[in-house]
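**Q** Let me see the structure of the following:
(chains A, B, C and D)
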Number of protein chains: 2
Amino acid sequence: MVTLKDLARITGYSVTTVSRALNGYDDVNKETRDIILAAAEKLEYTPNINAQSLVTKRSKTIGFLVSDLKRESAKDNFTFEVLCGISEFVTEAGYEMILLSTSSSKQKNKTFRQIVSERNLEGIIIQGLKKEDPYLQEAIKGSVPTVLVDIPIENETTGYVTSNQHDSVKKAIKYLARLGHRNIAYMNGHKHAYVSEIRYQSYKEGLSEAGLEVDENLVCYGDYEEEKAYRASLDFLLSNPEVTAFFCASDIMALGVLKAAKELKLDVPKDLSIIGFDNILLTQYTSPTLSTIGQKPFELGKRGTELLLEIIQNSSTQRHIIIQNELILRESTAQPGG
Amino acid sequence: MVTLKDLARITGYSVTTVSRALNGYDDVNKETRDIILAAAEKLEYTPNINAQSLVTKRSKTIGFLVSDLKRESAKDNFTFEVLCGISEFVTEAGYEMILLSTSSSKQKNKTFRQIVSERNLEGIIIQGLKKEDPYLQEAIKGSVPTVLVDIPIENETTGYVTSNQHDSVKKAIKYLARLGHRNIAYMNGHKHAYVSEIRYQSYKEGLSEAGLEVDENLVCYGDYEEEKAYRASLDFLLSNPEVTAFFCASDIMALGVLKAAKELKLDVPKDLSIIGFDNILLTQYTSPTLSTIGQKPFELGKRGTELLLEIIQNSSTQRHIIIQNELILRESTAQPGG
DNA sequence: CTGTTAGCGCGTTCAT
DNA sequence: ATGAACGCGCTAACAG
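**A** Numbering: from 1, shown residues only, chains lettered A, B, ... in the order given. All right, here's what the predicted structure looks like:
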């Protein structure tokens, strides 16, 4: 490892001068700078960011905090796409990202503030934490620059990125209504997620705006899991034969509904239309292919990082960014009866 | 941020004593220790790892180096699963992981060694780099503890994790032969990946051991992309109607072959059997569902991290770990002709 | 323009 | 059993 001291020794200048030459200060002789730069290049000098951050308080590092990354999470390429988006922008900006996975056991030992100060993190992006998660609460109250994915809360040091879920869900519901569907069911996820609430509200508003009545009995809960959605919809479809369309808060649950429909010999879309949410890769390969609301998680990650760095540098004019979703129509939607 | 100095001021002891009490040295009075520990707990003290690493040279941080994480990589849940595995073990061991994504532009400015020393990384896990990647070469030659995923190279400071690709590919080929297939084609990926070579070799050996001749003309190249595999196999199947089975070096390419078969009105598996590699989620949802060789990327990540930490601590007895794959038979394989 | 001094937060001699 | 002094690699205040 080559240090400033090494460069100082070799070039004959003091550590201070070397530091200033390298950091582009203009109070250093041009020739001196050239000599130092040449030496740095030759020896492949890179500043030790840890040492730098100790004095400047700027670690050039942000954290990406996600809920417990277990084996099962691997299916969730939403998180991964967000991650890729973060990675791309963070690199461009000369920062690096550290992956933080919460686990309940860990939370007992370390507070959010500790995790941040341990490594001088300049900011944090949070995704997938449940509403009541203590880390989330701490992040919102604290003064560490934070960007939330899909959790619409903002304050002095907190911003968020999300998609126009409200509009896009309403659009999907109204689309179904326009096709002629009158009994449109909703498969919701668990109540720990902010998005469940938003999507549910939007579903109800969509119905209203389409002139349809809201019937609380047409709501199922699938916990964002295929298996649970499958079982829930199996029962549900049996006892509610009047339902001709299902809007699901996630594609994974839509797969469960699709499976249940097949089990019940219901033809999709002839007997039952299905719309999911996320546009996961699978939706293009099921049979029938699945209509869905497409999110752009990569963009969420990228723009979220952008926002975070703005908050860190105090150069942000706004505290939230909305990415546009798109309604993607495939084979799983049609007029009732075909 | 609460520091050792703060604790010293509050408890009335010196910084040195506080440091030793917290680090479990036994040359400190029990009462003193209790007082200090209580204060630390109360103030939620956490050591600043950056400062620690400056003096101990142990940053408690490893890097996960992957090839350019672009928007398209998001489909690749192999990488994500490896990531999840790393995350799980790294956390258990009190380490943290930093995500490093290479890009050719970045490589011009920074050498591998620089990336490591910049943040005092204790070790690196490398996945998905091409054979000729300069970072990979540097990693192997250098003295930074390194674990390679699916690249069988080992030396004093380099180890690897991989799966028993050799055996599992041969097993798949011999299975097809036992079903009665005589003309088994191979869809290879690009030549930049080590695994392409290994799988190709194993394919040939599998044929030989099954008493079948190796015909170089039965090899296609799909670059690990669905679209390319689709186009390559479309041509190929037209001009090689005797082929009744296709072994593919990845599921993604198997999807391309499946698409081509449908395009050509070939029934899978009656007219054409297909086996893929990876066991991606999609393989369970295609129609027909896809037989494949299942890897355990989560395990690769987890065990790889385990190995890396052993190399770092110099406690490793071996330098490589092999995870067992499994041949998963679904609907895309049958006897020729049905 | 350049060097000296100081200190970020921490662990580690070496005294006492 | 405890503390003073030093240094990790770096930037910043001040002097000259």
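
**Q** Toward the C-terminus, what is the element adjacent to the helix-or-strand element of chain A with minimal mean pLDDT?
**A** When each helix and strand of chain A is scored by mean pLDDT, DSSP states H and E, helix A:104-109 comes last, with a mean of 70. With elements assigned by DSSP states H and E, the helix or strand that comes after helix A:104-109 is helix A:112-118.

**Q** Next, see if the following helix or strand past that next one gets close to chain B.
**A** Scanning forward in sequence from helix A:112-118 by DSSP H and E, the next helix or strand is strand A:123-127. No. Judged by C-beta under 8 Å from any C-beta of the partner chain, strand A:123-127 stays clear of chain B, getting no closer than 12.5 Å. (Glycine included, C-beta is placed from N, CA and C.)

**Q** Given strand A:123-127, what are its sheet partners and their directions?
**A** strand A:61-66 (parallel), strand A:146-149 (parallel) (DSSP bridges).

**Q** Domains in chain A, by residue range?
**A** A:4-47, A:61-162+A:297-324, A:165-295 (automatic domain parsing).

**Q** weakest of those domains in terms of mean pLDDT?
**A** Per-stretch mean pLDDT for the domains of chain A is lowest at domain A:61-162+A:297-324 (a mean of 92).

**Q** Quick check, the residue in the stretch 51-200 of chain A closest to DNA strand D?
**A** Nearest residue of the stretch 51-200 of chain A to DNA strand D, counting by C-beta to the nearest atom of the strand: residue A:51, 3.6 Å away.

**Q** tell me the mean pLDDT over the helix or strand harbouring that residue?
**A** In this structure, residue A:51 sits in helix A:49-56 according to DSSP H and E. The pLDDT scores in helix A:49-56 average 96.

**Q** Now do it: which elements does it pack against?
**A** helix B:49-56 (3 or more C-beta pairs under 8 Å, 6 or more residues apart in numbering or on different chains; DSSP states H and E).

**Q** close to DNA strand C, is the helix it packs on?
**A** Yes. Helix B:49-56 lies within reach of DNA strand C by C-beta under 7 Å from any atom of the strand, at B:51, B:52, B:54, B:55, B:56.

**Q** now the helix holding residue A:51 and strand B:61-66, what's the angle there?
**A** 120 degrees (axes from the mean of the first three to the mean of the last three C-alpha atoms, to 10 degrees).

**Q** shouldn't residue A:173 be in contact with residue A:207?
**A** Yes. Here residue A:173 reaches residue A:207: they are 6.0 Å apart, a contact under C-beta atoms under 8 Å.

**Q** if we can go back for a sec, relative to residue A:7, how far out is the residue of the stretch 51-200 of chain A closest to DNA strand D?
**A** 14 Å (C-beta to C-beta, to the nearest Å).

**Q** what about these two, which has more around it?
**A** Each of residue A:51 and residue A:7 has its neighbours counted (other C-beta atoms under 10 Å in any protein chain shown); residue A:7 has more, 24 against 16.

**Q** Three-state assignment for the more buried one, please.
**A** Secondary structure state of residue A:7, per DSSP: H, G, I helix; E, B strand; the rest coil, is helix.

**Q** Could you name the specific helix or strand carrying the closest residue to it other than its chain neighbours?
**A** Excluding its sequence neighbours, the residue lying closest to residue A:7 (C-beta to C-beta, 6 or more residues apart in numbering or on different chains) is residue A:18, at 4.8 Å. For residue A:18, the element it lies in under DSSP H and E is helix A:15-22.

**Q** right, is that helix up against DNA strand D?
**A** Yes. With C-beta under 7 Å from any atom of the strand as the measure, helix A:15-22 is seen reaching DNA strand D through A:15, A:16, A:19, A:22.

**Q** Give me the buried entries from those residues.
**A** A:19, A:22 (16 or more other C-beta atoms under 10 Å in any protein chain shown).

**Q** show me which of the residues of helix A:15-22 next to DNA strand D neighbour DNA strand C.
**A** Answer for the residues of helix A:15-22 next to DNA strand D near DNA strand C (C-beta under 7 Å from any atom of the strand): A:15, A:16.

**Q** May I see the residues of helix A:15-22 next to DNA strand D arranged in CSV, with distance to chain B as well?
**A** Shown next, in CSV, are the residues of helix A:15-22 next to DNA strand D (distance: C-beta to the nearest C-beta, whole Å):
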residue, distance to chain B
A:15, 16
A:16, 19
A:19, 16
A:22, 14
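
**Q** export stretch A:215-235 as CSV, just CAs?
**A** C-alpha atoms of stretch A:215-235 as CSV (Å, rounded to 0.1, in the frame of the first residue of the first chain):
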residue,chain,number,x,y,z
ASP,A,215,-67.7,-4.6,-1.9
GLU,A,216,-65.3,-5.4,1.0
ASN,A,217,-66.1,-9.0,0.5
LEU,A,218,-64.3,-9.0,-2.7
VAL,A,219,-60.9,-8.6,-1.1
CYS,A,220,-58.6,-11.5,-0.4
TYR,A,221,-55.2,-11.6,1.3
GLY,A,222,-52.3,-13.5,-0.3
ASP,A,223,-49.4,-12.1,1.7
TYR,A,224,-47.4,-11.6,-1.5
GLU,A,225,-46.9,-15.3,-1.7
GLU,A,226,-48.0,-17.5,-4.6
GLU,A,227,-49.1,-20.4,-2.4
LYS,A,228,-51.2,-18.3,-0.1
ALA,A,229,-52.8,-16.4,-2.9
TYR,A,230,-53.5,-19.8,-4.6
ARG,A,231,-55.3,-21.1,-1.5
ALA,A,232,-57.1,-17.9,-0.7
SER,A,233,-58.4,-17.5,-4.3
LEU,A,234,-59.4,-21.1,-4.6
ASP,A,235,-61.9,-20.7,-1.7
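
**Q** Pull the residues that contact that stretch.
**A** A:183-190, A:193, A:200, A:236, A:240, A:243, A:246, A:248-250, A:252-257, A:259-261, A:263-264 (C-beta atoms under 8 Å, 6 or more residues apart in numbering or on different chains).

**Q** part of a strand, is residue A:203?
**A** No. Counting by three-state DSSP, residue A:203 is not part of a strand but helix.

**Q** from the contacts of stretch A:215-235, which ones fall inside helices?
**A** Judged by DSSP state H, helices contain the following of the contacts of stretch A:215-235: A:200, A:236, A:252, A:253, A:254, A:255, A:256, A:257, A:259, A:260, A:261, A:263.

**Q** just the buried members of the residues you listed?
**A** By 16+ other C-beta under 10 Å, the ones in helices among the contacts of stretch A:215-235 give A:200, A:236, A:252, A:253, A:254, A:255, A:256, A:257, A:259, A:260, A:261 as buried.

**Q** Check the secondary structure at the closest residue in space to residue A:337 that isn't next to it in sequence for me.
**A** Nearest residue to residue A:337, sequence neighbours excluded (C-beta to C-beta, 6+ apart): residue A:270, at 6.8 Å. Secondary structure assignment for residue A:270 (three-state DSSP): coil.

**Q** who touches residue A:270 in this structure?
**A** Going by C-beta under 8 Å, 6+ apart, the list of residues near residue A:270 reads A:334, A:337, A:338.
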